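Asks: with the input below, show me the fold.
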Amino acid sequence: MKTIAIVYHSASGRTERIAQTIASGARSVPGCEVHLLKAQELIEQPQALLAYHGLILGSPTYLGGVSAPLKALMDATGPLWRQQKLRGRLAAGFTVSALPAGDKQSTLISLFTFCMQHGMLWAGNAILPEQHLGVPVEEAANRLGSWSGLMAQADKTAADFCPGDLKTARLFGQYFAETLGRLHQPQVEHAQEAHA
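Replies: Numbers count the residues shown, from 1 in each chain. Below you'll find the model as predicted:
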């Protein structure tokens, strides 16, 4: 059983909604156990992250960066960094803001840099934008065209996300779980594939 932690901060509930949708996609992959963890509850115990094979980090984008609670958790992992305790784990990131761009890229870069410093492996967003296939933009997966991680737009005038962003979140979770499964295949299977 592969374990995944989706670690996030959400002030308004919108980032939590995306975290839950990512979790539903990851849970669709057999052999994956997924836990939703609030960043602010881990600040005093960052070592809890060591229990997971994969970590997906999520934050709203506030003024071009991660929110204070998620940053506090990131800073609290200093002792783990000194011993490279998270090295080799699969990681990914997601962020939400009210505008289509909203400087979400800088938030994802911050999450990426944090994971690289810990020696983790980064899974980007491999979902092709579906509007190029004729799918209406509001319904298209990866409609915002983000490759480094998952971006979603939480339009403050709407009650929920557009269908495309929710679809992207499910596919992103599924992709992450499938990638984690491939990383943890027994060496015998890798050898058999090489000779096939």
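Asks: end to end, how far does stretch 155-172 reach?
Replies: Chord length of stretch 155-172, first to last residue, is 20 Å (C-alpha to C-alpha, to the nearest Å).
Asks: tell me, which helix in this structure spans the most residues?
Replies: helix 163-183 (DSSP state H).
Asks: now for it, which elements pack on it?
Replies: strand 2-8, helix 14-27, strand 32-38, strand 54-60, strand 90-97, strand 150-153 (3 or more C-beta pairs under 8 Å, 6 or more residues apart in numbering; DSSP states H and E). All C-beta spots, glycine's among them, are computed from the backbone N, C-alpha and C.
Asks: residue 57 and residue 113 touch, don't they?
Replies: No - with contact defined as C-beta atoms under 8 Å, residue 57 does not count as touching residue 113 (11.6 Å).
Asks: rounded mean pLDDT for stretch 170-187, please.
Replies: For stretch 170-187, the mean per-residue pLDDT is 89.
Asks: helix or strand: which one has residue 125?
Replies: Counting by DSSP states H and E, no helix or strand carries residue 125.
Asks: find me the pLDDT at it, would you?
Replies: Value listed for residue 125 in the pLDDT field: 96.
Asks: count the neighbours of it for me.
Replies: Residue 125 has 24 neighbouring residues, counting by other C-beta atoms under 10 Å.
Asks: what angle sits between the longest helix of the chain and strand 90-97?
Replies: Interaxial angle, helix 163-183 versus strand 90-97 (axes from the mean of the first three to the mean of the last three C-alpha atoms, to 10 degrees): 170 degrees.
Asks: quick check: residue 9 touching residue 61?
Replies: No - the criterion here is C-beta under 8 Å, and residue 9 misses it with residue 61 at 11.4 Å.
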